[in-house]
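1. got a structure for you, letters missing:
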């Protein structure tokens with residue numbers, strides 16, 4: 001064993017020119033040299049490729065490296081050849097002569113590493129061909145792709161389970177930058193790893209400052225301006241901007257170029273040659289800013305990225321950790337900024353919910369998205385949340401390098417957040433209320449009980465008689481909702497059950513708060529103040545004549561479109577005018593917009609559907625026969641009735 005370690009250190013210096021290993025690299029490489037299966041989880045920048053490349057260069061035979069991306073294969077093979085290590089790859093981008101040359105080197109036993117995609121590996125008969133070539137071990141890179149719980153599940157990775165059947169005595173090693181407990185279990189099970197050595201790196205990146213800013217969505221170019229202003233502070237430095245759609249990458253890159261930045265778009269819709277050129281120019285520093293979809297970055301080894309901006313919400317914590325982790329790989333201070341809008345989550349849900357998506361996979365994707373939304377909650381220590389997601393914990397009281405801990409946070413309305421006085425007591429009241437409600441209700445009803453609402457359902461079920469009823473009535477409704485979100489993000493509360501019927505339950509961490517052995521952190525908007533009816537004073541509204549005309553037309557039987565055409569306002573604006581009319585006048589009867597039966601249906605949906613104060617989940621539940629106008633008016637009347645102290 002000691003001899004293997006000495007051999008590895010010599011190879012590290014003579015082939016790679018490094019004097020020392022990064023954390024866990026030596027242990028991971030030693031597991032390969034000793035023929036033990038392993039699963040290695042090293043955060044982005046941890047140097048996981050060296051863990052299999054170094055032993056492959058030193059051992060007899062050819063190491064089989066399975067990886068999903070052609071660009072990653074090409075970069076690693078080129079880098080290995082520059083170091084004098086015989087490496088090759090087989091993929092669809094090679095011409096016939098290149099494929100023949102790689103096959104010849106493999107046949108002659110002159111390759112130390114052969115890179116393949118899972119699709120190429122599983123071509124009928126190819127495993128038998130490889131069996132005769134003297135393989136040293138198999139390394140499965142980006143191994144999270146094998147798990148339906150992973151952030152980049154690929155069906156072809158499931159075929160890799162055949163490797164153990166075909167090569168029962170060959171060591172298999174799995175590598176990934178991100179893996180939750182569920183994903184790790186899937187990797188070990190699907191690859192049939194035998195008592196694997198388990199090595200997990202530290203996910204805290206103390207040189208990265210994590211920030212969440214409210215994304216400006218109107219006009220559409222507002223988010224481009226936000227990103228531009230952030231990048232202005234890093235002029236001339238390398239940065240990556242992630243967008244959800246290909247179109248957004250093109251438009252964002254164009255906006256940044258017009259602003260004086262050297263920026264290029266990168267997405268899967270470009271030709272392979274165009275993508276390769278953009279990547280090469282980014283690596284060389286010729287184009288310091290790349291605006292990309294998630295297609296960019298896997299396997300990119302660029303140490304001096306100073307800022308990563310997410311102009312759209314990533315669809316999982318794993319995606320975010322991997323993408324944001326591309327900043328500051330040289331250990332120098334760098335920023336990771338998330339521009340958050342709840343609309344992004346709605347976009348992802350729409351993209352996920354397709355007829356071809358298996359139900360189990362869809363459930364996993366939705367759960368991953370909810371975790372990402374909780375990460376973006378106001379008042380949450382971003383580092384602590386990331387660490388807990390990956391089964392680790394923050395050793396200090398606060399991390400000292402995220403917006404919340406640095407006092408730079410803001411809420412989802414873009415207002416500055418400040419620490420809440422008496423946070424532990426408030427958290428205990430919220431958690432105790434969930435317990436008193438026997439953990440049978442969702443967060444919307446819990447919030448209304450805490451605020452002392454005279455909701456019909458609350459009264460009929462006797463929840464107005466429990467000791468925590470109205471215990472936070474002096475606080476703002478939005479603050480109470482935010483605190484519940486923050487307690488979920490800090491894993492003191494969990495939403496259990498199947499959407500839309502999810503109920504709050506107190507976790508072990510929550511019980512620790514109740515007992516006083518754990519102190520949570522809570523934050524609220526700086527201007528939030530105690531108000532008796534749990535509503536905030538409305539800002540003055542312009543155009544009273546237009547507003548009055550629109551409301552009169554709707555109440556007289558005109559359609560929303562007719563009122564919009566007559567006043568020159570958007571249909572959604574007209575709906576807002578009418579809903580405000582009912583809300584501001586304290587009306588409790590939604591007629592003639594909504595009849596009694598429909599109003600009851602809407603209120604029932606509001607009480608039972610997991611909507612987090614968003615209208616789309618209610619509309620999806622109720623169906624197309626119920627309009628957004630009817631939902632808005634019915635809810636305005638419901639709130640007037642429920643918030644009334646009598």
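-> Sure, I can see it. As the structure is a computational prediction, the values presented were derived from the model and not from experiment.
2. got the contact list for residue 505?
-> Residue 505 sits next to 434, 439, 493, 494, 495, 496 when contact means C-beta atoms under 8 Å, 6 or more residues apart in numbering. Using the backbone N, CA and C atoms, a C-beta is placed for each residue, glycine as well.
3. scratch that, residue 383
-> Contact analysis of residue 383 by C-beta under 8 Å, 6+ apart lists 204, 210, 394, 399, 401, 402, 405.
4. Could you grab the helix/strand/coil label for the closest residue in space to residue 330 that isn't next to it in sequence?
-> In space, not counting the residues next to it along the chain, residue 330 is nearest to residue 303; the distance is 3.8 Å by C-beta to C-beta, 6 or more residues apart in numbering. Per DSSP: H, G, I helix; E, B strand; the rest coil, the local secondary structure of residue 303 is coil.
5. Surely residue 303 is in contact with residue 329?
-> Yes. Contact status for residue 303 versus residue 329: in contact at 4.5 Å, counting by C-beta atoms under 8 Å.
6. Comparing those two, which residue is more hemmed in?
-> residue 329 (20 against 12; other C-beta atoms under 10 Å).
7. Could you pick out the longest helix of the chain?
-> Among all segments of the chain classified by DSSP state H, the helix with the greatest residue count is helix 359-375.
8. Report the buried residues of that one.
-> For helix 359-375, a neighbour-count test (16 or more other C-beta atoms under 10 Å) marks 364, 365, 366, 368, 369, 370, 371, 372, 373, 374, 375 as buried.
9. relative to helix 359-375, how tilted is the helix or strand that that helix is followed by?
-> Secondary structure here is assigned by DSSP states H and E; on that basis, the next helix or strand after helix 359-375 toward the C-terminus is helix 382-389. Inter-element angle recorded for helix 382-389 and helix 359-375: 150 degrees (by axes from the mean of the first three to the mean of the last three C-alpha atoms, to 10 degrees).
10. if we can go back for a sec, out of the buried residues of helix 359-375, who's nearest residue 518?
-> Ranked by distance to residue 518 (C-beta to C-beta), those are led by residue 374 at 17.9 Å.
11. Let me know the pLDDT of that closest one.
-> Reported pLDDT at residue 374 in the predicted model: 87.
12. Same check on residue 529?
-> What the model reports for residue 529 is a pLDDT of 51.
13. any chance of the contacts of residue 383 in JSON lines, plus pLDDT?
-> Formatted as JSON lines, those follow (pLDDT from 0 to 100):
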{"residue": "204", "pLDDT": "90"}
{"residue": "210", "pLDDT": "95"}
{"residue": "394", "pLDDT": "86"}
{"residue": "399", "pLDDT": "88"}
{"residue": "401", "pLDDT": "93"}
{"residue": "402", "pLDDT": "91"}
{"residue": "405", "pLDDT": "85"}
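14. Checking my notes, residue 511 in a helix, right?
-> Yes. Judged by three-state DSSP, residue 511 forms part of a helix.
15. ok, now how distant is it from residue 223?
-> Distance, residue 511 to residue 223, by C-beta to C-beta, to the nearest Å: 41 Å.
16. Looking at those two, which one has more neighbours?
-> Taking neighbours as other C-beta under 10 Å, residue 511 and residue 223 compare with residue 223 leading, 23 against 14.
17. thought the more buried one was touching residue 313?
-> No. Residue 223 is not in contact with residue 313 according to C-beta under 8 Å; the separation is 11.8 Å.
18. Could you check what's spatially nearest to residue 579, not counting adjacent residues?
-> Counting by C-beta to C-beta, 6+ apart, the nearest residue to residue 579 once its immediate chain neighbours are dropped is residue 632, at 3.8 Å.
19. and that neighbour, what is it in contact with?
-> Contacts of residue 632 by C-beta under 8 Å, 6+ apart are 575, 576, 578, 579, 615.
20. just the strands in the stretch 101-250 of the chain please.
-> 113-116, 135-140, 172-176, 197-200, 208-214, 238-242 (DSSP state E, counting those that start in this stretch).
21. And the ones you listed: which comes nearest residue 74?
-> Closest among the strands of the stretch 101-250 of the chain, using C-beta to C-beta: strand 113-116, at 8.7 Å.
22. Just list what that closest one packs against, helices and strands only.
-> When contacts are defined as 3 or more C-beta pairs under 8 Å, 6 or more residues apart in numbering; DSSP states H and E, strand 113-116 packs onto helix 48-58, strand 62-66, helix 70-82, strand 87-90.
23. Which among these is found nearest to residue 251?
-> Distances from residue 251 to each of the helices and strands packed on strand 113-116 were compared by C-beta to C-beta, and the smallest falls on helix 70-82, at 23.8 Å.
24. tell me the mean pLDDT for that closest one?
-> If you average the pLDDT over helix 70-82, you get 86.
25. And stretch 16-31, by the same measure?
-> Mean per-residue pLDDT for stretch 16-31: 94.
26. ok, which pair from the buried residues of helix 359-375 is furthest apart?
-> The distance between the two most remote of the buried residues of helix 359-375 (C-beta to C-beta) is 17.0 Å, for 364 and 375.
27. circling back: most neighbours among the contacts of residue 383, which one?
-> The most neighbours of any of the contacts of residue 383, using other C-beta under 10 Å, belong to residue 210, which has 25 neighbours.
28. can you pull the contacts of that residue?
-> Listed by C-beta under 8 Å, 6+ apart, the contact partners of residue 210 are 324, 336, 338, 382, 383, 386, 401, 402, 403.
29. Settle this for me: residue 56 is touching residue 113, isn't it.
-> Yes. Counting by C-beta under 8 Å, residue 113 is a contact partner of residue 56 at 4.9 Å.
30. where does the stretch 1-150 of the chain dip in pLDDT?
-> Per-residue confidence of the stretch 1-150 of the chain (counting by pLDDT under 70) places the weak regions at 1, 148-150.
31. Lowest mean pLDDT among the helices and strands, pick that one out for this protein.
-> Sorting the helices and strands of the chain by mean pLDDT, DSSP states H and E puts strand 417-419 at the bottom, at a mean of 76.
32. mind listing what's buried in the following helix or strand past it?
-> For strand 417-419, the following helix or strand on the C-terminal side (DSSP H and E) is helix 423-436. Buried positions in helix 423-436, judged by neighbour count with 16+ other C-beta under 10 Å: 423-424, 426-436.
33. which two from these end up farthest apart in space?
-> 423 and 436 (20.1 Å).
34. how does the chain divide into domains?
-> Following automatic domain parsing, one finds the domains of the chain at 2-200, 208-376, 417-525, 544-642.
35. is it possible to export the ones you listed to TSV including distance to residue 390?
-> Below are these laid out as TSV (distance: least, C-beta to C-beta, whole Å):
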stretch	distance to residue 390
domain 2-200	7
domain 208-376	8
domain 417-525	13
domain 544-642	25
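36. what's next to stretch 595-606, contact-wise?
-> 444, 456, 590, 594, 611, 618, 621-622, 626, 630-631, 634-635, 637-638.
37. how about 6 Å then?
-> Residues from elsewhere that reach stretch 595-606, judged by C-beta atoms under 6 Å, 6 or more residues apart in numbering: 590, 618, 621, 622, 631, 634, 638.
38. Doesn't the last one belong to a helix?
-> Translated: residue 638. Yes. Counting by three-state DSSP, one finds residue 638 located in a helix.
39. what's it in contact with, if anything?
-> Contacts of residue 638 were listed using C-beta under 6 Å, 6+ apart, and they are residue 603.
40. State the distance from it to residue 622.
-> 14 Å.
41. Closest to the centroid, which residue in the protein?
-> For the chain, the residue sitting closest to the mean C-alpha position, by C-alpha atoms, centre = their mean, is residue 316 at 2.9 Å.
42. Against residue 176, how distant is that one?
-> 13 Å.
43. Then residue 467?
-> Counting by C-beta to C-beta, the gap from residue 467 to residue 176 is 48 Å.
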